[in-house]
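S.K.: please work out how this folds:
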Amino acid sequence: MKSRQSNVPTIAAAKAGFSTATAYRIEADPRLPSQKKKSRGRRRPDPLAGVWDSEIVPMLEAAPGIRAVAIFEEICRRSPWIAPGVRRTLERRIAGWRALNGPSRDVIFRQEHPPGRMGLSDFTDMGTLGITIAGERFDHRLYHFRLAFSGFEHAHVVLGGESFVALAEGLQNALWALGGVPEQHRSDSLSAAFCNLDRVAQEDLTRRYEELCAHYGMTPSRNNRGVAHENGAIESSHGHLKKALGDELLLRGSREFADLAAYRRFVDEVVGRRNARNRKRIEIERAALKPLPERRTTDYEEARVLVTSSGGFILRRVFYSVPSRLIGHRLNVHLYDDRLECFLGSTQLLTLRRGRPPQGNSKHSHVVDYRHVIHALRKKPMALVNLVYRDQLFPRRAYVRAFAALLAKESEKQACRVMVGLLALAHDRACEAELAQAIDADLDAGALPDLGRLRQRFKPDWTAIPNVAVDLVPLSAYDELAAVRTPTDLVCDGGVA
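M.R.: Model prediction:
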């Protein structure tokens, strides 16, 4: 086109390197070939022409959040002539319609988190890991705390559900492990903790949460209910932590743990290694944290209970056994996530494992220690037959097997006498685990536990008692002591010492 300004079309075409015919065609129509190309029309009929404007668009306008597959299934019911292969066409058509005519969508605003400003708390379910403790499946949650800037993490195994007690204990453990306090603490709406609580209890829980944050000088905040991305700094970290725990379990080669303490150590080790990778950022943020208060605040709930003649008390649909000498007394109970601490006045008496109420019915669950009632069972062994907490009374599975075998082959009276004798032997000789192994061995061999033989086996080792020889002083030595006179006695008699 530059050559055409000073030359005829033939010369301009030669300089440009194409034919004269092309030059005259450009002279006649200067548009580009892509601009001359006509759009290709449909080569087959529109399969949605009869239902798009009349049925599908009204559905999208009435229910903007409806899924495309639901619309497709409904249209197929209304119009059987629509082929199954039209589904993908419908999905593309709906996506395009929503891009042009759909409602406005939420926008995620990315945030910058300066050091020492934001700490976040949340709970996550760990059932997918398949953890077992002492052979039993361990369904639990993790309380998870994280600093938004440095990524410092703390995880605490929670036995129950999402509760204020679990939040308070886990948060305080995290802050004291961190060694400082962030300016703000973000949590979710705590709807699970408020579940099944009346309005007064919910207001009390809200007040206690605000007092907890005030004790540490943190400003409490919550994300909007159901909007998980507002807690994204910890929600995304849940998945990473679960994957890390899953990988470590695979490397460990077993998901079985001897007890809860061993599993908690395992979680702490994994979280500790993750924090070690962020050590530099954590040290930067520690310098910006506020100091801890002088002491922790309460991380438990209080209750007052009466010990009944059944040898225990009922608290939140769970029966707990206690020593029978406490019958008739009122106890002050501190409820933690995993335990109960019982006080008589201000004196701490004992710590009990916390039980959970059963799901779906009005019956109580039971946390029973056979040591609390064995003295009474010795007097009334037949009470074992229909005891409401009989299954929870047996400390190990071997004792359950033994009682079932005794009932199957002996009379109820004899079975109860032998079973109570076994429990008494385990209590008196402090041999619960060893006795359970012996019982399992007898049952595996097809024999019933022999109480007399087991008593002989676990009796005290008399040869281990030392022979203490005591030399008695002759009585005449006391007469000699009576004849001795001290200088003081002589002065009182008027003599000279």
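S.K.: what sits up against stretch 60-75?
M.R.: 51, 55-56, 59, 82, 86-87, 90-91, 94-95, 97-98, 101-103 (Cβ atoms under 8 Å, 6 or more residues apart in numbering). (C-beta placed from N, C-alpha, C; glycine too.)
S.K.: out of these, which one sits closest to Leu178?
M.R.: Pro103 (42.9 Å; Cβ to Cβ).
S.K.: ok, of the contacts of stretch 60-75, which one's closest to His156?
M.R.: Pro103 (41.1 Å).
S.K.: show me what contacts that closest one?
M.R.: Here Pro103 is in contact with Pro64 (Cβ under 8 Å, 6+ apart).
S.K.: rewinding a little: would you write a ChimeraX line that selects the buried entries of the contacts of stretch 60-75?
M.R.: Remark: buried members of the contacts of stretch 60-75, expressed as a ChimeraX selection using 16 or more other Cβ atoms under 10 Å:
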select :51,56,59,82,87,90,94
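S.K.: which one of the contacts of stretch 60-75 is nearest to His375?
M.R.: Pro103 (71.6 Å).
S.K.: name the SS class of the closest one, please.
M.R.: Following DSSP: H, G, I helix; E, B strand; the rest coil, we place Pro103 in the coil state.
S.K.: chain center to stretch 103-119, what's the gap?
M.R.: 27 Å (Cα atoms, centre = their mean, to the nearest Å).
S.K.: now do the same end-to-end measure for it.
M.R.: 34 Å (Cα to Cα, to the nearest Å).
S.K.: flag every buried residue along that stretch.
M.R.: So, applying 16+ other Cβ under 10 Å, buried residues of stretch 103-119: His113, Pro115, Gly116, Arg117, Met118, Gly119.
S.K.: check the gap between the second one and Phe152 for me.
M.R.: Summarising the geometry, the distance separating Pro115 from Phe152, computed by Cβ to Cβ, to the nearest Å, is 11 Å.
S.K.: any common contacting residues for these two?
M.R.: Common neighbours of Pro115 and Phe152 (Cβ under 8 Å, 6+ apart) are Glu285.
S.K.: which pair in the buried residues of stretch 103-119 has the greatest spatial separation?
M.R.: Maximum distance among these (Cβ to Cβ): 11.5 Å, for Pro115 and Gly119.
S.K.: residues contacting His372?
M.R.: By Cβ under 8 Å, 6+ apart, the neighbours of His372 are Gly311, Gly312, Ser321, Val322, Pro323, Ser324.
S.K.: distance to Val107 added to the residues you listed, as JSON lines?
M.R.: Listed next are the contacts of His372 as JSON lines, based on distance: Cβ to Cβ, whole Å:
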{"residue": "Gly311", "distance to Val107": "61"}
{"residue": "Gly312", "distance to Val107": "56"}
{"residue": "Ser321", "distance to Val107": "57"}
{"residue": "Val322", "distance to Val107": "57"}
{"residue": "Pro323", "distance to Val107": "62"}
{"residue": "Ser324", "distance to Val107": "65"}
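S.K.: still on that earlier bit, now flag whichever of the contacts of stretch 60-75 is closest to Ala445.
M.R.: Arg87 (64.6 Å).
S.K.: Three-state assignment for that closest one, please.
M.R.: helix.
S.K.: just list the residues touching it, thanks.
M.R.: Counting by Cβ under 8 Å, 6+ apart, Arg87 has contacts Ala68, Val69, Phe72.
S.K.: one step back: which of the contacts of stretch 60-75 sit farthest apart?
M.R.: So, the contacts of stretch 60-75 by Cβ to Cβ: farthest apart are Ile82 and Pro103, at 26.6 Å.
S.K.: where does the stretch 101-250 of the chain have low pLDDT?
M.R.: 189-201, 223-232 (pLDDT under 70).
S.K.: could you rerun that using 90?
M.R.: Counting by pLDDT under 90, the ranges of the stretch 101-250 of the chain that qualify are 102-114, 116, 122, 124-129, 133-140, 148, 159-167, 186-210, 220-239.
S.K.: would you map the helices across it?
M.R.: 164-178, 191-194, 199-215, 232-252 (DSSP state H, counting those that start in this stretch).
S.K.: same list (the ones you listed) but as JSON lines, adding distance to Lys459.
M.R.: Putting the helices of the stretch 101-250 of the chain into JSON lines (distance: least, Cβ to Cβ, whole Å) gives the following:
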{"stretch": "helix 164-178", "distance to Lys459": "44"}
{"stretch": "helix 191-194", "distance to Lys459": "53"}
{"stretch": "helix 199-215", "distance to Lys459": "54"}
{"stretch": "helix 232-252", "distance to Lys459": "41"}
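S.K.: am I right that Arg264 is in contact with Val157?
M.R.: Yes - the criterion here is Cβ atoms under 8 Å, and Arg264 meets it with Val157 at 5.3 Å.
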